[in-house]
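Student: Give me a model of this one.
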Amino acid sequence: MAFTFDPKCYPYPSQKTVSYAKNGMVTTTNQLAAQVGIDILKKGGNAVDAAVATMITTTVVEPSMNSAGSDNFAIVWMKDKMYGMNSSGPSAKGLSVEKLKADGFEKMPVLGWHAVNIPGAPAGWKALSDRFGNLPFKDLFEYAIRYAEEGFPVTPQISTDWEGNSNLFRRCKEGPKTEGHPLTGLDEQSAKPFFDIYCPNGKAPKAGDLFKNPDYAKTLRRIAETGAEDFYHGETAHAMVDFNNACGGYWSMEDLEEYQVQWVDPIHVNYRGYDVWEIPPNGNGISLLMALNILKGFELPENEKECARTYHLLFECMKLAYMDSKTYVTDPRYMTVTPEMMMDEGYAAKRRALIDLNKAIVPAPGRPDDGGTVYCATADKDGNMVSMIQSNFNAFGSGIAIPGCGFAMNNRGRQFSFNPAEANVLVGGKKSFHTIIPGFLTKDGKAVGPFGCVGGFIQPQGQLTMLTNMIDFHMNPQAALDSPRWFWEEGKRIAVEKDLPEHIYDQLSRMGHDLVRGNYKPNMGRGQIILRDPETGVLCGACDKRADGVPAVY
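Tutor: Residues are numbered from 1 along each chain as shown. The predicted model follows:
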């Protein structure tokens, strides 16, 4: 293995262990979806086929997390070469700050049609399949269509998300539309299809309940048979635009017809001999890379994992990096600085110098120009690997579902600002700052493996913990996922999981960190890791204890 770790050492409470395989592995948060990926491998598919089929299936079995109305990003390692795909979508061309203000909004709504960006997920599935897949595109939909038609048992964590958000949407559709209400944009007319589809008996399904979505099965069949053309040009496209227009939105058929996937070159930094790769902006992976660039100037002794100094350094590096990404990252056509400036070693040294080893700081953005979800990792017997992530953003996204089509729409546009001085200000046809970030590791030009952590803004923070656990502290992938997580919210305020040791909590508090302890299990991200031994080809993988899934192996 590229890492040195003890596969029998599990220092944190967990009911999961690392898994091994030779011919293939799929890790994601739902066991049914992961098994679909393995079945695809057994039928002659490769890692890309497995990833696409898995992600299509998750839109059925984890509808709160993602849908055909989502976006997706992917990093593909195929025949010893890396590729990046950005399949996020822009705002509608007809949308503007002025129009939203005229409609009574004081800031970007969290819910409703105005928060929905053009979905990129179906186009992303097709682009990956066309460029790298072994199997026909339509074959990747078989299991998803079957689960939508025949039903699937809802898993515990998804049932929790389902119930919480259906209750939220009930409250919000009657909420005020003015006075800066943070959850505006949803009303009786626009919310009705969500409840018709996802709460057919008036309430969200419980864990173990069988849920069917026959309308979505029809939509998936149309996408499969037309190579996703239906979603952007056909019946499904017209259904989206018609419902948007009926609810007072600003979409047009042109918005969908002009959508295209972007192939991008992943960006990376070297951290202690490992190259860590992410999708470039408008994705937020650059936050992780900047934090690692700052952190590598400090030593993290292996025996100091569970100590205040380690947590303090992780907090401070992440805070500084995140302030920059929140300030500068948006659609790259509108950025005033480049990723190269943000990842510059000299700039990292300037940010590093701001860290006080003894007390917490309130971070501020720097000047580089001076000098979130569902994640899946797949691997096949030939060494091909995929890191792929797909998201509604918030659970069930905007609260908008398309009548007769059976799927929810993202609310990625809620990230836009009304402030014209900010990089991420709303402009029609512009992509917003994007939280979903698939990660990939290489060493000496060889693939180590894909990794990722869903959960909105926690994603780079979760990835930072996962990577330092493996690289600096030599933990196996399951232990790296199981360790206590934390989430910087703002200023000095950091949420921590309840299993953070008490003596560390007390010391960090004395250093000035405003810690909030609680059972943040669902909100602290759900990670997945696959590692490949370059000599034997043996795969080692793990799924987060905070999620329902386990690795599927072949």
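
Student: going forward, measure contacts between C-alpha atoms and count neighbours the same way
Tutor: OK.

Student: domain ranges for this structure?
Tutor: 31-229+393-415, 263-373+438-553 (automatic domain parsing).

Student: center of this protein, which residue is that?
Tutor: Centre of the chain computed as the mean C-alpha position; nearest residue by Cα atoms, centre = their mean is residue 436, 3.3 Å away.

Student: quick one: that residue and residue 66 touch, right?
Tutor: No: under the criterion of Cα atoms under 8 Å, residue 436 makes no contact with residue 66, lying 11.8 Å away.

Student: any shared contact partners between these two?
Tutor: Common contact partners of residue 436 and residue 66 (Cα atoms under 8 Å, 6 or more residues apart in numbering): 373, 390, 391.

Student: ok, and the most crowded of these?
Tutor: When the shared contacts of residue 436 and residue 66 are compared by neighbour count (other Cα atoms under 10 Å), residue 391 ends up highest, at 36 neighbours.

Student: which phi and psi does that residue have?
Tutor: phi -150, psi 150 (degrees, to the nearest 10).

Student: could you list every residue that touches the residue nearest to it when sequence neighbours are not counted?
Tutor: The shortest distance from residue 391 to any non-neighbouring residue, by Cα to Cα, 6 or more residues apart in numbering, is to residue 373 (4.1 Å). Residues in contact with residue 373 (Cα under 8 Å, 6+ apart) are 65-66, 389-395, 436, 454-456.

Student: how near is the residue lying closest to residue 107 once chain neighbours are set aside to residue 540?
Tutor: Once flanking residues are discounted, residue 107 sits nearest to residue 418: 6.0 Å by Cα to Cα, 6+ apart. Using Cα to Cα, to the nearest Å, residue 418 is found at 46 Å from residue 540.

Student: If you count surrounding residues, which of these two has more?
Tutor: Shown here are residue 418 and residue 540; by other Cα under 10 Å, residue 540 has more neighbours (24 against 19).

Student: and the more buried one, what is it in contact with?
Tutor: Per Cα under 8 Å, 6+ apart, neighbours of residue 540: 18, 19, 20, 21, 477, 530, 531, 532.

Student: ok, so of these, who is nearest residue 274?
Tutor: Nearest to residue 274 out of the contacts of residue 540 is residue 531 (Cα to Cα; 13.0 Å).

Student: Am I right that residue 529 falls within a strand?
Tutor: Yes: assessed with DSSP: H, G, I helix; E, B strand; the rest coil, residue 529 lies in a strand.

Student: give me the beta-bridge partners of it?
Tutor: Going by DSSP bridges, residue 529 is paired in beta bridges with residue 451, residue 542.

Student: wait, doesn't it sit right on residue 551?
Tutor: No: with contact defined as Cα under 8 Å, residue 529 does not count as touching residue 551 (9.3 Å).

Student: Show me the common contact partners of these two, please.
Tutor: 27, 541, 542, 543.

Student: how near is the closest residue to the second one other than its chain neighbours to residue 62?
Tutor: On the basis of Cα to Cα, 6+ apart, the spatially nearest residue to residue 541 that is not a chain neighbour turns out to be residue 530, at 4.2 Å. As judged by Cα to Cα, residue 530 and residue 62 stand 21 Å apart.

Student: neighbour count winner among the two?
Tutor: Under the neighbour definition other Cα under 10 Å, residue 530 and residue 62 were set side by side, and residue 530 has more, 31 against 25.

Student: what sits against that one?
Tutor: Applying Cα under 8 Å, 6+ apart, the residues near residue 530 are 25, 27, 377-379, 449-451, 477, 539-542.

Student: Could you do residue 429 as well?
Tutor: Contacts of residue 429 (Cα under 8 Å, 6+ apart): 90, 91, 92, 93, 94, 95.

Student: Residue 288: which element?
Tutor: helix 285-295 (DSSP states H and E).

Student: What's the first helix or strand after that helix?
Tutor: Going down the chain from helix 285-295, the next helix or strand is helix 308-328, by DSSP H and E.

Student: buried set for the helix or strand following that following helix?
Tutor: Once the chain leaves helix 308-328, the next helix or strand it forms, by DSSP H and E, is helix 339-342. Within helix 339-342, the residues scored as buried using 16 or more other Cα atoms under 10 Å are 339, 341, 342.

Student: residue boundaries of the strands in the stretch 1-150 of the chain?
Tutor: 19-21, 24-27, 71-78, 81-87 (DSSP state E, counting those that start in this stretch).

Student: From the contact counts, what lies against the last one?
Tutor: For strand 81-87, the contact count by 3 or more Cα pairs under 8 Å, 6 or more residues apart in numbering; DSSP states H and E identifies strand 71-78, helix 121-132, strand 262-264 as packing neighbours.

Student: Need the ones you listed in a markdown table (columns: distance to residue 43 and mean neighbour count).
Tutor: A markdown table is the format used below for those (distance: least, Cα to Cα, whole Å; neighbours: other Cα atoms under 10 Å):
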| stretch | distance to residue 43 | mean neighbour count |
| --- | --- | --- |
| strand 71-78 | 19 | 27 |
| helix 121-132 | 15 | 21 |
| strand 262-264 | 28 | 14 |
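
Student: The ones you listed into JSON lines, with extra columns for mean pLDDT?
Tutor: Shown next, in JSON lines, are those (pLDDT from 0 to 100):
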{"stretch": "strand 71-78", "mean pLDDT": "97"}
{"stretch": "helix 121-132", "mean pLDDT": "98"}
{"stretch": "strand 262-264", "mean pLDDT": "97"}
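
Student: Output those as a markdown table; include the columns distance to residue 142.
Tutor: Formatted as a markdown table, these follow (distance: least, Cα to Cα, whole Å):
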| stretch | distance to residue 142 |
| --- | --- |
| strand 71-78 | 20 |
| helix 121-132 | 14 |
| strand 262-264 | 27 |
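
Student: Return the helix or strand in the protein with minimum mean pLDDT.
Tutor: helix 156-172 (a mean of 82; mean pLDDT, DSSP states H and E).

Student: I'd like the next helix or strand past that one.
Tutor: With DSSP H and E, the next secondary element past helix 156-172 is helix 188-198.

Student: just the angle between that next one and helix 156-172, please?
Tutor: Here helix 188-198 runs at an angle of 160 degrees relative to helix 156-172 (axes from the mean of the first three to the mean of the last three Cα atoms, to 10 degrees).

Student: centre of the chain versus helix 188-198, how much separation?
Tutor: Relative to the centre of its chain, helix 188-198 is centred 25 Å away, using Cα atoms, centre = their mean, to the nearest Å.

Student: Would you mark the buried spots in it?
Tutor: Applying 16+ other Cα under 10 Å to helix 188-198 flags 190, 191, 192, 193, 194, 195, 197, 198 as buried.

Student: what sits against the first one?
Tutor: When contacts are counted by Cα under 8 Å, 6+ apart, residue 190 touches 112, 113, 247, 400, 401.

Student: Count the residues that sit near the closest residue to the second one other than its chain neighbours.
Tutor: In space, residue 113 comes closest to residue 249 once its chain neighbours are excluded; the distance is 6.0 Å by Cα to Cα, 6+ apart. Residue 249 sits with 20 neighbouring residues when counted by other Cα under 10 Å.

Student: likewise residue 320?
Tutor: Neighbour count for residue 320, taken as other Cα under 10 Å: 25.

Student: List the residues that contact it.
Tutor: Residue 320 touches 291, 351, 363, 364, 365, counting by Cα under 8 Å, 6+ apart.

Student: Any of those buried? List them.
Tutor: Judged by 16+ other Cα under 10 Å, buried ones among the contacts of residue 320: 291, 351, 363, 365.

Student: Just the pLDDT for the last one.
Tutor: It stands for residue 365. Looking at residue 365, its pLDDT is 74.

Student: Distance-wise, check it relative to residue 118.
Tutor: 30 Å.

Student: Kindly report the same for residue 78.
Tutor: From residue 78 to residue 118 the distance is 28 Å (Cα to Cα).

Student: likewise residue 292?
Tutor: To residue 118, residue 292 is 32 Å away according to Cα to Cα.

Student: Relative to residue 213, which of the contacts of residue 530 is nearest.
Tutor: Using Cα to Cα, those come closest to residue 213 at residue 27, 24.5 Å.
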